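> Got a sequence here, can you model it:
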Amino acid sequence: MRQSPLISGIFYIMLGTLFTFFAIQNVNETGWGFFTYLLVLLATFDIGSGIRMITFHFKIKNANKL
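Below is the predicted model:
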């Protein structure tokens, strides 16, 4: 069974939020280092992919209505 893009999008946004939280914690403890930039990069990709998947879900839903 295939997973809905809506579920995947929500999962990616949750991961992006988690990586953002870890990045904020890391900046507060150690400052801006390589690992912090890596966490921010992962969070950016995850949130972007999540938004893209959610919009894709609604485009498919609207196309099926017509």
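
> For residue 66, grab the count of nearby residues.
Using other C-beta atoms under 10 Å, residue 66 is surrounded by 4 other residues. C-beta: built from backbone N, CA, C; applies to glycine.

> Distance of it relative to residue 6?
19 Å (C-beta to C-beta, to the nearest Å).

> likewise residue 29?
Residue 29 is 35 Å from residue 6, where distance means C-beta to C-beta.

> Between those two, which has more neighbouring residues?
Here residue 29 and residue 6 are set side by side on neighbour count (other C-beta under 10 Å), and the busier one is residue 6, at 15 against 9.

> Let me know the helix or strand that the more buried one is in.
Element membership of residue 6 [criterion: DSSP states H and E] is helix 5-30.

> Only the buried residues of the very next helix or strand once past that helix, if you could.
Reading on from helix 5-30 to the C-terminus, the next helix or strand found by DSSP H and E is helix 34-65. Buried residues in helix 34-65, counted by 16 or more other C-beta atoms under 10 Å: 36, 39, 40, 42, 43, 46, 47, 49, 50, 53, 54, 57.

> need those in TSV with pLDDT and distance to residue 25, can you?
Below are those laid out as TSV (pLDDT from 0 to 100; distance: C-beta to C-beta, whole Å):
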residue	pLDDT	distance to residue 25
36	97	9
39	97	9
40	98	12
42	97	14
43	98	12
46	98	17
47	98	18
49	97	23
50	98	21
53	97	27
54	97	27
57	95	31
